[in-house]
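K.L.:
Need a 3D model of the sequence below.
(2 chains)
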Amino acid sequence: MKAAGRVFKYGDNVDTDVIIPARYLNSSDPAELATHCMEDIDKDFVNRVHKGDIIVAEKNFGCGSSREHAPIAIKAAGVSCVIAETFARIFYRNAINIGLPIIECPEASKGIEAGDEVEIDFDSGMIYNRTKGTSFQGQAFPEFMQKIIKAEGLINYINQA
Amino acid sequence: MGMTMTQKILAAAAGLDHVEAGQLIEAKLDLVLGNDITSPVAIHEMDKFTEDKVFDKDKIALVMDHFIPNKDIKSAEHCKCVREFACKHEITNYFDVGQMGIEHALLPEQGLTVAGDVIIGADSHTCTYGALGAFSTGVGSTDMAAGMATGKAWFKVPSAIRFHLTGKPAKWVSGKDVILHIIGLIGVDGALYKSMEFVGEGIAQLSMDDRFTIANMAIEAGGKNGIFPVDDKAIAYMKEHSKREFKIYEADSDAVYDEEYTIDLSTLRPTVAFPHLPENTKTVDEITEEIVIDQAVIGSCTNGRMDDLRAAAEILKGRKVKKGVRCIVIPATQAIYLQAMEEGLLKTFIEAGAVVSTPTCGPCLGGYMGILAEGERCISTTNRNFVGRMGHMKSEVYLASPAVAAASAVTGRISAPEELGL
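P.N.:
Next up is the predicted model:
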């Protein structure tokens, strides 16, 4: 499985309130949530994002609320992967559980800038910065989580077990 | 190698003699929680299961608290969806208008959370029940759905940071000041993926309400859970509120911790977290500039309990909320509301010029009941001060204790209770 796209770059502690503000949580429709994705940190994000694009951030991405609406909004906006130095733990679980690919990679977080074209090979965990000609090895998931990802989410995994 | 308190609870729930940090386990759940925002997503996920059933109708709690009484048509539809699900599966612990309270104040009060439990909740502040010696942690809606269907959840066993609390806090220093001090010390990701285990003789000086507040905000340091040893106060609380049997776990003497901190409670001062992160803390003595406020919110799963309302009322008694400041008081549950009424606290609030609301999470997350306009500033006893948290993205939230929020409501700027001669 591969992903490729243009990068949107953010800093430390991107919280779930800026990913999807609570004023929109009266909806649980992915398409509707996607129209407000990143609204309070990057108002123009939804107008510029294209299918396959990648979010790269620094430490503690997705901190704050447990709202699964956050990874749902990112996925429904067309983002193919989120790379960060570290993720907040509930966001990490939620992303795996709904099948939004995420990779922890401090080196990639430092070596990738906004607008770079990036390609990711999920099987090997390799991240290629095509704009700068550099590459980074992302952290591999434990086998158990790989099974959830392959099943395209936790519920399918449980159904199969 | 010995186990931490959290590791011992998780080992028992996984049916294992021993677990180590980093180990992936599957644990049996004593309670699965959801609210009116997260449950509809979980209920939708439940549709994907091949079998349409819940693992135990008595071990699921559905609490309508965020946007209730419903603030608009869409939130009404969400509650309707959960109500119908609860009815169909005969969920014992479904709490709607009239019985509901803010979930993390309500469940311990209802006796649904006790020491030794393993609890997941689709709300990040589920970590609150660590105050009673339970392992409890926030998850998302899909985990909640899986928990409701199977009664189990997977966990990565966390390592821990140990906080030795010593000394006795001064008059206007509360659990909120303790946890804000700690978050200021270690940062919003200082306990990422880890347990925060509180120990030491200082704990005896903290009320149960203080401990709920401290455990509640473990997530604001990135923690997986916050947990307290079970002492006489915790046992008395559980016996008063619950008929359930509880089990006391203690950390092994040779348990290993990633980091250790000692905090002398007697040296702490009322503390305020500045926008836009809970780690941006200053004591009231360190605030040199005048910070004029438009609103003060006293409530939430962090600070809507009796201790909190009593502290606020002690300050507001015989005083007036400054003209131009909106002061909103939100008792966290119906029982707290009633108790506050019987003690005359509601009269104090209303006479001071504050408003008193039915229990709701409302303003904490910028839902309703106190949304901020552009450029407005609020001092709040809630738990997050992120950009746009309580309204406009150019509004500001300052986090503080009920005492500081009440004193600030009187002066119209962020103030310590001492400024009022208290």
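
K.L.:
going forward, measure contacts between C-alpha atoms and count neighbours the same way
P.N.:
Fine.

K.L.:
And the contacts of stretch A:50-63?
P.N.:
The set of residues external to stretch A:50-63 that reach it, using Cα atoms under 8 Å, 6 or more residues apart in numbering or on different chains, is A:3-16, A:19, A:70, A:77-92, A:106, A:109-110, A:112, A:118, B:189, B:222.

K.L.:
repeat that with 6 Å
P.N.:
Stretch A:50-63 is touched from outside by A:4-16, A:78-88, A:91, A:109, with contacts defined as Cα atoms under 6 Å, 6 or more residues apart in numbering or on different chains.

K.L.:
export that stretch as PDB, just CAs?
P.N.:
Extracted as PDB, the C-alpha positions of stretch A:50-63 are listed here (Å, rounded to 0.1, in the frame of the first residue of the first chain):
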ATOM      1  CA  HIS A  50      -6.500  17.300  -2.600                       C
ATOM      2  CA  LYS A  51      -7.200  13.600  -2.400                       C
ATOM      3  CA  GLY A  52      -4.000  11.900  -1.300                       C
ATOM      4  CA  ASP A  53      -2.400  14.900   0.400                       C
ATOM      5  CA  ILE A  54      -0.400  14.400   3.600                       C
ATOM      6  CA  ILE A  55      -0.300  16.100   7.000                       C
ATOM      7  CA  VAL A  56       3.100  16.400   8.700                       C
ATOM      8  CA  ALA A  57       3.200  17.700  12.200                       C
ATOM      9  CA  GLU A  58       5.600  17.900  15.200                       C
ATOM     10  CA  LYS A  59       4.900  16.600  18.700                       C
ATOM     11  CA  ASN A  60       1.600  15.500  20.300                       C
ATOM     12  CA  PHE A  61      -0.600  15.600  17.200                       C
ATOM     13  CA  GLY A  62      -4.300  15.200  18.100                       C
ATOM     14  CA  CYS A  63      -4.100  16.100  21.800                       C
END
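
K.L.:
Please enumerate the helices of the stretch 301-422 of chain B.
P.N.:
With helices called from DSSP state H, counting those that start in this stretch, the stretch 301-422 of chain B shows them at B:306-316, B:334-342, B:345-352, B:402-411.

K.L.:
how far is the third one from where the chain is centred?
P.N.:
Computed by Cα atoms, centre = their mean, to the nearest Å, the separation of helix B:345-352 from the middle of its chain amounts to 25 Å.

K.L.:
and the end-to-end length of stretch B:246-255?
P.N.:
From the first residue to the last, stretch B:246-255 extends over 23 Å; the measure is Cα to Cα, to the nearest Å.

K.L.:
Which positions within it qualify as buried?
P.N.:
Neighbour-count burial for stretch B:246-255, with 16 or more other Cα atoms under 10 Å in any protein chain shown as criterion, is recorded at B:Phe246, B:Ile248, B:Tyr249, B:Glu250, B:Ala251.

K.L.:
Just put the residues you listed in TSV and tack on pLDDT and distance to chain A.
P.N.:
Supplementary listing: the buried residues of stretch B:246-255 in TSV, determined by pLDDT from 0 to 100; distance: Cα to the nearest Cα, whole Å:
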residue	pLDDT	distance to chain A
B:Phe246	98	27
B:Ile248	98	27
B:Tyr249	98	25
B:Glu250	98	25
B:Ala251	98	23
